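[1] please work out how this folds:
(one chain, ligands or ions: 1)
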Amino acid sequence: LRYEGGTQPLPLLTGTEGEHAFEVKTLLAAAGMTTLDPGFANTAACQSEITFIDGEAGILRYRGYPIQELAAGSSFLEVAYLVIHGELPEPGQLKEFSEQLQANAALPPELRAMLDAFPRNAHPMTLLASAVNTLGAFYADSTDPGDAEQVDRATMLLLAKLPTIAAHIYRNSIGEAPVAPDESLDYVENFLRMTFGELSGEAELDSLFVKALDLLLILHADHEQNCSTATVRVVGSSQASLYGSVSAGINALFGPLHGGANQAVLEMLEEIRGLGGDVDAFLAKVKDKQSKTRLMGFGHRVYKNFDPRSKEIKGLAAEILDRQENPDELFELALKLEGKALADSYFTDRKLYPNVDFYSGVIYRAMGFPTNMFTVLFAIGRLPGWIAHWREQRLDPAARIARPRQLYVGHAQRSYPG
Ligand code: MLT
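    Next up, the predicted model:
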């Protein structure tokens with residue numbers, strides 16, 4: 001038997017009737033034909049209770065709760081608790097959770113020394129992945145994936161220390177002394193203080209930044225089987241530690257096609273600025289297929305309409321722009337570009353609507369983050385999702401080590417030349 005697209009013989013179909021049925025499916029898939037698998041019951045990479053996405057309807061829910069409602073009523077810490085443990089925390093649980101994170105935010109001096117030894121111009125994501133992996137060396141008593149107490153401790157230590165690591169990396173990159181965590185501040189405000197020392201200096205704008213970052217972290221908390229989360233599950237399936245698995249997820253997120261997308265939006269806006277801010281000229285370039293110019297931050301693999309996350313931050317982006325004394329030109333260009341693209345059927349016919357990356361980059365920039373920190377912020381937001389997926393898999397008694405199937409399309413057996 002030969003399948004149409006290749007040259008390799010497929011294995012002979014033998015076995016019982018049940019196996020035979022399975023092999024026929026494989027044959028059909030190899031031949032480019034498909035079989036119906038309603039609800040992906042047989043072919044989904046995994047089963048999960050964490051996040052539901054309906055890409056057609058633009059629906060995103062964590063543990064059954066629509067993100068719009070979570071964004072309006074909960075803090076990032078409450079959402080992190082929900083994503084990881086499956087239920088929103090009671091007030092007492094939230095207090096305990098938050099106090100534990102505050103009390104464990106500081107880094108061991110040896111880890112700080114390790115971060116200080118890296119080249120200043122290294123990308124923050126490389127350092128973040130290294131530091132998270134290294135937590136397993138400093139907290140070796142929390143690395144056993146089979147011990148529920150150790151897993152809880154690793155969960156808490158990761159959530160407590162990731163923002164401190166991120167802020168330390170940033171301070172080193174600008175040649176400034178790291179700022180120690182302040183136990184009196186909440187999670188997001190503490191991270192912003194550790195990063196910038198002072199924020200804008202204006203109380204109302206400062207609290208808008210805290211609110212904006214809290215919301216952005218909520219919107220990034222999980223997104224089912226994206227590249228980094230699938231990586232965390234695959235690595236975790238070998239019973240690697242939570243630290244090692246999350247470190248692998250950070251490396252997956254680092255790739256420009258995944259977490260680097262909001263940085264690409266900023267680069268595109270710079271290009272438009274280079275065109276004298278002529279948004280129409282840029283959109284014409286996008287429509288000209290020869291130019292290979294892409295409208296970054298528009299469209300999403302799963303959303304066939306608006307990315308529901310982008311709707312949530314659009315208003316915030318405008319609010320921040322309004323509050324700025326010297327409005328950021330790139331920010332204004334972003335809003336203009338969005339308006340023009342949405343009014344143009346060329347883009348809407350192709351389902352090219354702004355996604356979460358379109359606005360997040362401009363908001364981070366307004367807060368003062370350099371572009372190479374954008375993916376780090378994504379990692380802080382996505383941490384609860386990675387942890388939840390790792391734990392879900394660990395608790396599944398039927399879980400097996402991941403081993404994706406491949407279709408061999410290389411040489412058939414060849415005669416060895418020697
Ligand atoms: C994400 O949030 O992980 C991105 O939108 C990418 C994805 O879901 O594939």
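[2] could you chop this protein up by domain?
    Residue ranges for the domains of the chain, per automatic domain parsing: 1-44, 67-255.
[3] now do the end-to-end distance for the longest one.
    Read that as domain 67-255. Domain 67-255 has an end-to-end distance of 26 Å (CA to CA, to the nearest Å).
[4] so what's the gap between it and the chain middle?
    What separates the centre of domain 67-255 from the centre of its chain is 13 Å, taken as CA atoms, centre = their mean, to the nearest Å.
[5] just for the stretch 101-250 of the chain, where's the confidence low?
    Across the stretch 101-250 of the chain, nothing is flagged by pLDDT under 70.
[6] within range of the ligand, give me the residues from the chain.
    223, 226, 300, 301 (CB under 6 Å from any ligand atom). The C-beta positions use only the backbone N, C-alpha and C, and glycine is treated the same way.
[7] make a ChimeraX selection of the buried ones in those residues.
    Isolation of the buried members of those (16 or more other CB atoms under 10 Å) is achieved in ChimeraX through the command below:
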select :223,226,300
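[8] all strands of the chain, in order?
    51-54, 59-62, 65-66 (DSSP state E).
[9] turn the ones you listed into a markdown table, including mean pLDDT.
    Shown next, in a markdown table, are the strands of the chain (pLDDT from 0 to 100):
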| stretch | mean pLDDT |
| --- | --- |
| strand 51-54 | 97 |
| strand 59-62 | 97 |
| strand 65-66 | 98 |
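[10] and these as TSV, adding distance to residue 284 and mean neighbour count?
    Formatted as TSV, the strands of the chain follow (distance: least, CB to CB, whole Å; neighbours: other CB atoms under 10 Å):
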stretch	distance to residue 284	mean neighbour count
strand 51-54	33	17
strand 59-62	33	20
strand 65-66	38	15
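[11] residue 307 is nearest to which of the ones you listed?
    strand 59-62 (8.4 Å; CB to CB).
[12] strand partners (parallel or antiparallel) of that closest one?
    According to DSSP bridges, strand 59-62 has the following sheet partners: strand 51-54 (antiparallel), strand 65-66 (antiparallel).
[13] can you list contacts of it?
    50-53, 66-67, 70, 79, 82-83, 221-223, 308-309 (CB atoms under 8 Å, 6 or more residues apart in numbering).
[14] what residues are up against the closest residue to residue 204 other than its chain neighbours?
    Closest residue in space to residue 204, ignoring its immediate chain neighbours: residue 323 at 7.5 Å, by CB to CB, 6 or more residues apart in numbering. By CB under 8 Å, 6+ apart, the contact set of residue 323 is 204, 205, 208.
[15] could you redo the last one with a cut-off of 10 Å?
    200, 202, 204, 205, 208, 209, 366 (CB atoms under 10 Å, 6 or more residues apart in numbering).
[16] right, and the ligand sits closest to which residue of the stretch 251-400 of the chain?
    In the stretch 251-400 of the chain, the residue that lies nearest the ligand is residue 301 (5.6 Å; CB to the nearest ligand atom).
[17] which residue ranges of the stretch 51-200 of the chain form helices?
    67-73, 76-85, 91-103, 109-117, 124-138, 148-173, 187-196 (DSSP state H, counting those that start in this stretch).
[18] and the residue nearest to residue 166 when sequence neighbours are not counted, how many neighbours?
    In this structure, residue 166 finds its nearest non-sequential neighbour in residue 376, 4.9 Å apart by CB to CB, 6+ apart. Applying other CB atoms under 10 Å, we find 28 residues neighbouring residue 376.
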